[in-house]
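>>> Quick one: sequence plus predicted model below, questions after.
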Amino acid sequence: MTPISFKRHRFPPEVIQHAVWLYARFTLSFRDVEDLLVERGIDVSNETVRRWFLKFGLLISGNLRRRRPRASVRWHLDEMVIKIRGRKHWLWRAVDDEGEVLDFLVQPRRCARSARRLLRKLLKKQGFAPKRITTDKLKSYAIAIRKERLTAIHDQRLRANNRAENSHQPVRRRERNQQRFKSPGSAQRFLSIHAAVYNAFYVQRHLLSRRIFKAFRAETFAVWNHGWLAA
């Protein structure tokens, strides 16, 4: 757990925490967050909210990731196209069979080298090899799995990878709201924070009773608040 210091900040930690949570949790712009804070009597500019998000977002996302349980051994890999300054890039993403975002990679090409980079990053970060990898029929995945010498079952059945394809939807909404990402680095940085917060608050609500969902929500906010412990 990395302690977070709020020294030399004019606003109290609770205000900063709430502003970062609003932007990371919901599909809002910095100006939207500014308006919501003004409605509560807090006069802060959208540029200040942006700086808070960049400074504290990476710290809190790191704390959240360290508190997450171990991922499933069944991984879903997929890629989606994004436009950055008019140029086509590819966002390679991996989720497990429960919808947990494992990792992602912004690359300029849709090739075997990029697929292998994603796999190597996943193996290093997760610390174990999966038992099943589900992808679409892109040949780059088969090449990457073979070169990494993985023994996992490679599933390419029709609609078997809907879990990964559906996980792109929150990213698409944020991309539209931000009027596209401005650079590969900024996209990678934002999505790192967004994925950690998404994992913390994501739940298949339709499968839970109201009582269990309320308990889960209370526990989630406790984890979120614990990650903001100040130095």
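Yep, that arrived.

>>> only C-alpha atoms for contact and neighbour calcs from this point on.
Will do.

>>> did I read that right, H18 in a helix?
Yes. Counting by DSSP: H, G, I helix; E, B strand; the rest coil, H18 is found in a helix.

>>> what's the single longest helix in the chain?
helix 46-66 (DSSP state H).

>>> now for that one, which elements pack on it?
Applying 3 or more C-alpha pairs under 8 Å, 6 or more residues apart in numbering; DSSP states H and E, we find helix 46-66 packed against helix 13-25, helix 30-39, helix 184-201.

>>> Compare those helices and say which comes out lowest on pLDDT.
Out of the helices and strands packed on helix 46-66, helix 184-201 stands lowest, with a mean of 87 (criterion: mean pLDDT).

>>> still on that earlier bit, buried ones in the longest helix of the chain, by neighbour count?
46, 49-50, 52-54, 56-65 (16 or more other C-alpha atoms under 10 Å).

>>> Could you pull out the buried residues of the helix or strand that that helix is followed by?
Per DSSP states H and E, the first helix or strand lying C-terminal to helix 46-66 is strand 74-84. Neighbour-count burial for strand 74-84 flags R74, W75, H76, L77, D78, E79, I82, K83, I84 (criterion: 16+ other C-alpha under 10 Å).

>>> Need those in TSV (columns: distance to A152 and pLDDT).
Below are those laid out as TSV (distance: C-alpha to C-alpha, whole Å; pLDDT from 0 to 100):
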residue	distance to A152	pLDDT
R74	9	95
W75	10	96
H76	12	96
L77	13	96
D78	16	95
E79	20	94
I82	29	91
K83	32	89
I84	34	90
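
>>> Adding distance to R180, write those residues out as TSV.
TSV is the format used below for these (distance: C-alpha to C-alpha, whole Å):
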residue	distance to R180
R74	31
W75	27
H76	25
L77	23
D78	20
E79	17
I82	8
K83	7
I84	7
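
>>> For stretch 179-195, buried residues please.
R180, F181, P184, A187, Q188, F190, L191, S192, I193, H194, A195.

>>> Phi and psi next, for I133.
phi -120, psi 120 (degrees, to the nearest 10).

>>> Please list all residues in contact with it.
I133 makes contact with R74, W75, H76, L77, A152, I153, H154, D155 under the criterion C-alpha atoms under 8 Å, 6 or more residues apart in numbering.

>>> and which of these is nearest R172?
The nearest member of those to R172, counting by C-alpha to C-alpha, is L77 at 16.8 Å.

>>> Enumerate every residue touching L102.
So L102 contacts A71, R93, A94, V95, D96, L122 (C-alpha under 8 Å, 6+ apart).

>>> any idea which of the buried residues of helix 46-66 is closest to Q169?
For those, the nearest to Q169 is S61 (20.2 Å; C-alpha to C-alpha).

>>> How about the residue nearest the centre of the chain, nearest residue that isn't a chain neighbour?
With distances taken as C-alpha atoms, centre = their mean, the residue of the chain nearest its centroid is A195 (1.1 Å). Leaving aside its sequence neighbours, A195 sits nearest to V101 (C-alpha to C-alpha, 6 or more residues apart in numbering; 6.2 Å).
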